[in-house]
Structure formats: structure tokens, C-alpha cells
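Participant: 3D model of this:
(chains A and B)
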Amino acid sequence: MSIKVRLHPYLRKFTDNEGVVDVSGHTVGECLNDLDSRYLGIKQQLVNKQGKLHNYYDVCVNLQCSYADPLSEQVHDGDELLIITVIAGG
Amino acid sequence: MVDERTLERYSRQIQIDGIGEEGQAQLKAACVAIAGVGGLGSVISIYLAAAGVGRIRIIDNDTVELSNLNRQILYNNPDIGKKKAEVAFEKLQLLNPDIKVEAYMETISGSNADAFFGDVDSIVDAMDNFPTRYVLNEIAIKKEIPLFHGAVRGFEGRVTTIIPGISPCLQCIFPRPPEPEKTPVVGVTPAVIGSIQATEVIKYVLRIGQLLLGRLLVYDGRSMEFMEVKLERHPDCQACKHIAKDRE
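Facilitator: Numbers count the residues shown, from 1 in each chain, chains lettered A, B, ... in the order given. Here you go, the predicted structure:
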């Protein structure tokens, strides 16, 4: 099961500046766990102590977004995740 | 009937296929409310005024500060300390005296949203915080008025267009608002995003092109990339599920 993750530029400091990395998992949450096992500390940036995605991040699956609970979203071999920030400035 | 002066002012855009004199008259008949005249609102209001949108309503209760001037292009040094809506009113009327600008120095809330937005054709979301953006979303849904959303941070921007009942609402797209912050931003970012919002408004008024419905445009100025993320309505969205059902 290979999933591609496109990282927000801010997160690339954890991945030696790699913008796209391969992970595995059956859900978005599992993919982030796998990401963290390779790039220690990255999950802490994305997920709060309650295990929920921080409000200033969102994860899109195959460029589809607006999931109520992104971490439990199912993923399949060949899927691509995009981690973006939720921004509010005007 | 478009007079000679109007023809000359808008001659470069009247030539465009899909605008013409008829489109120019549609722009003149339009009434657009712009919530916030900061970084985004400056750009949006200038371009809508220049394009000849006949009635532009601006609502903002802030005062011009020195730290605004890297991006809020409606304002200059002598404007520091003045009310943004007041200065915006003067500058927009100076730019185009043939349109009507209405300025309100008020803070937008659930209790006054009806008065500011209930009678307009389009609402432009140029706010800097999610609580007020949600207020705009609610009134847009209630009155079934299109909402043109834009947001910026640093070199990044997001834009989408919401037609209640047709495309996902703001609450569907962003159910989890980010924490408030003093947003870092470089002036060119609201220039890009505000221009896209204004483009969407103009297209909507003219009924031309394809709107950003169900599509979130994700802009990253650092890598100079535009990505498009598909959006879907949430069947359980507390803000719009009733109207979504009605339209099915």
C-alpha cells in the first residue's frame, strides 16, 4: 500500500526539504503515523493531544477536501494526500 | 442606453466577448457588499469600482494603522488614524464618481448582518477572522446570496465561490476554524487573491465563464503554484443542510 503525501512547505523542514514522500496506511491517520515513524516530530505539528487534526491544518485525499474527520478517512493504494493549512487572514 | 462617457471609460472591457454594452449595464445594475476593506478588500473594491459595479457597499470598523500599509493599497501615510471605510469611500468615489459607494463604520455581527447584506446581489468575504466569516456564510445561506471567499497568510492564499444550495458552504469547507492570530502577510498575496475574488464577482454578474464552485483554489506564491481542491457539501452541515436538501 503506497500513498503519496504532498507536504505543506512549513512541514518540509522535517523531511529534509522533501515536498512529496511515500507512506503506507489504510486511513489518513495511519498514514500520518507512518510519516511520523520516518520523520520524527512531524505528527506533533499536525495532531493535538486529543489525537485530532489541528484546526489550522487540513488533509485532502486525491485533491478532495472538507472531511468532517479527516484522520479516519479511508485511503487506497496509489492515493495522494495533500496537507494544507487553513488560513484566515484578510 | 450607455452614454458616450461611459463607453469611453469602459471601452477596453466593453470590447471583451461576453461583456459589451449589455454587460456593462449589468455591472452598473449590480450591488455588491464587501465585508472588510483591509488587504483583500482594498484590492477587491478598487477593481470592482474600476470595472463599474454600480453600487458597492463597504463595511469595516477598523482604523488605518502604519502596519497596514504594506498591503492595504487603499490607504496612504496621511490616512493613518482615520476610519478605513471613510477613506475607502473617498478614494473609490474619486476613482469612479459614476458609481455609488456606501460606507459603514460598523463591526459585522449576527444582529446587523441582515441590514448590511440582506438586499445585495453578492457578498464578498474579505474578513480577517473566521467568526465573522461564518456570520457572512449564514446570511448568504439565509438570503441565498453568493458568497465570494478569500483568505491569505504569508505567501499563501485560498479562494472559492459559494452559491448556497449549489456548492458547499463555508462551514462545509472549513468546519474547524483556525485559532485567531495576527496574520503575517506580504502585500502581493492579497493582491493575487483579491483580484481573483473580484474576477469571480464580475463573472457572476455577467453570467460568463466558470465560477470556483465546489473548487478551492490553493495558491502558494513561494513555489508559484496554484492547486485546485475539489469540495463537497456535508450532508450534516448545520449551516446549509436544509437548503441543500431543498435543491436536491
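Participant: Name the SS class of the most centrally placed residue in chain B, please.
Facilitator: Most central in chain B under Cα atoms, centre = their mean is B:Val124, positioned 2.6 Å from the mean C-alpha point. Three-state call for B:Val124 (DSSP: H, G, I helix; E, B strand; the rest coil): strand.
Participant: for residue 30, phi and psi?
Facilitator: Answering for chain A, as no chain was given. phi -60, psi -40 (degrees, to the nearest 10).
Participant: ah, no, chain B please
Facilitator: Residue torsions, per degrees, to the nearest 10, at B:Ala30 are phi -80, psi 150.
Participant: That one and A:Asn33, how far apart?
Facilitator: Per Cβ to Cβ, to the nearest Å, B:Ala30 is found 51 Å from A:Asn33. (Glycine included, C-beta is placed from N, CA and C.)
Participant: other SSEs contacting the helix ranked longest in chain B?
Facilitator: Across chain B, the helix with the greatest residue count (assigned by DSSP state H) is helix B:188-206. Where contact means 3 or more Cβ pairs under 8 Å, 6 or more residues apart in numbering or on different chains; DSSP states H and E, helix B:188-206 is packed against helix B:20-29, helix B:39-51, strand B:122-125, strand B:147-153, strand B:156-162, strand B:215-220.
Participant: thinking again about what came up before, for B:Ala30 and A:Asn33, indicate the residue with more neighbours.
Facilitator: B:Ala30 (23 against 16; other Cβ atoms under 10 Å in any protein chain shown).
Participant: ok, now which ones touch B:Met227?
Facilitator: A:63, A:82, B:217-218, B:220 (Cβ atoms under 8 Å, 6 or more residues apart in numbering or on different chains).
Participant: so how far is B:Leu66 from the residue in chain B positioned nearest to chain A?
Facilitator: Residue nearest to chain A within chain B (Cβ to the nearest Cβ): B:Thr183, separated by 3.2 Å. Applying Cβ to Cβ, the value for B:Thr183 to B:Leu66 is 17 Å.
Participant: Excluding covalently adjacent residues, which one is nearest to B:His149?
Facilitator: B:Asp125 (4.6 Å; Cβ to Cβ, 6 or more residues apart in numbering or on different chains).
Participant: contacting residues around the one you found?
Facilitator: Shown in contact with B:Asp125 (Cβ under 8 Å, 6+ apart): B:35-36, B:133, B:136-137, B:147-150, B:170.
Participant: Kindly report the same for B:Val101.
Facilitator: Taking Cβ under 8 Å, 6+ apart, one finds B:49, B:55-58, B:88-89, B:92-93 in contact with B:Val101.
Participant: so it sits in a strand?
Facilitator: Yes. Counting by three-state DSSP, B:Val101 falls inside a strand.
Participant: So what sits opposite it in the bridge?
Facilitator: B:Ile56 (DSSP bridges).
Participant: Next one, pLDDT for it please.
Facilitator: Turning to B:Val101, the model gives it a pLDDT of 98.
Participant: Quickly find the element holding A:Val59.
Facilitator: strand A:57-61 (DSSP states H and E).
Participant: What residue in chain A comes nearest to chain B?
Facilitator: A:Gly89 (3.2 Å).
Participant: how many neighbours does that residue have?
Facilitator: A:Gly89 has 27 nearby residues by other Cβ under 10 Å.
Participant: my guess is it meets B:Ala126, correct?
Facilitator: No. Contact criterion Cβ atoms under 8 Å: A:Gly89 and B:Ala126 do not qualify, at 10.3 Å.
Participant: now A:Glu80: how far from B:Val101?
Facilitator: 45 Å.
Participant: ugh, wrong one, I meant A:Gln45
Facilitator: Relative to B:Val101, and taking Cβ to Cβ, A:Gln45 is found at 44 Å.
Participant: With B:Ser122 instead?
Facilitator: For B:Ser122 relative to B:Val101 (Cβ to Cβ), the value is 15 Å.
Participant: now swap in B:Phe89 and tell me
Facilitator: 5 Å.
Participant: where do the contact lists of the two overlap?
Facilitator: B:Ile58.
Participant: wait, what's in contact with A:Val5?
Facilitator: Per Cβ under 8 Å, 6+ apart, neighbours of A:Val5: A:20-23, A:31, A:35, A:80-83.
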